[in-house]
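Student: Okay, structure incoming, though there's no sequence with it:
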């Protein structure tokens, strides 16, 4: 088992660690929300290279910290439609996008109130797509000295994760070369049913 932050269509590295955690993962839900993390962003491969998809969240007017589980999504403008259109534009010519397009459309049609609920839905979408039975539970308090393998810092979008991933074909790699550790969606749309076996082969320095 291992401890993770639930993130938005997490990077390939995080799913590699999840797969290697075998039967169960634990999601930290008692932490404080931090900006510029994968909690509310992911990166995909577009025609212009690496592209950020960012979920707008509501920020408190006070300086009091808020927990990630209490973080509200800003739904006053259609960010869901923009993200879905970006995915369609980037991956419509990929081998497996069409197999998941309808389910993605259904997910993006929802207006989640809380960021945590959305991130858990994206996790369930991916685990179903790669056909893994990995179950999860949620923390009930913030663990300062976890006994599990602790991957909570892997939510930091500025930190390079200690993994080794063999290059795979990407839609625009003829223009921009191989871009490692994008959102798990990039690997899923390119490799389909092979995604799980590729994740199993990822080398991670714990």
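Tutor: Okay, I see it. Computed from a predicted structure; not experimentally measured. Residues are numbered from 1 along each chain as shown.
Student: what packs against the longest helix belonging to the chain?
Tutor: In terms of residue count, the longest helix belonging to the chain (DSSP state H) is helix 115-129. Contact analysis of helix 115-129 by 3 or more C-beta pairs under 8 Å, 6 or more residues apart in numbering; DSSP states H and E lists helix 97-108, helix 184-191 as its packing neighbours. For glycine as for every other residue, the C-beta is placed from the backbone atoms N, C-alpha and C.
Student: Which residue ranges of this protein form helices?
Tutor: Under DSSP H, the chain gives helices at 12-20, 79-91, 97-108, 115-129, 173-176, 184-191, 195-201.
Student: Turn the ones you listed into CSV, columns for mean neighbour count, mean pLDDT and distance to residue 67.
Tutor: Formatted as CSV, the helices of the chain follow (neighbours: other C-beta atoms under 10 Å; pLDDT from 0 to 100; distance: least, C-beta to C-beta, whole Å):
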stretch, mean neighbour count, mean pLDDT, distance to residue 67
helix 12-20, 23, 91, 20
helix 79-91, 17, 98, 22
helix 97-108, 15, 97, 24
helix 115-129, 19, 96, 9
helix 173-176, 12, 94, 37
helix 184-191, 25, 98, 25
helix 195-201, 17, 93, 29
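Student: and residue 88, what is it in contact with?
Tutor: 97, 101 (C-beta atoms under 8 Å, 6 or more residues apart in numbering).
Student: between the longest helix of the chain and helix 79-91, how big is the angle?
Tutor: 30 degrees (axes from the mean of the first three to the mean of the last three C-alpha atoms, to 10 degrees).
Student: No further questions, thank you.
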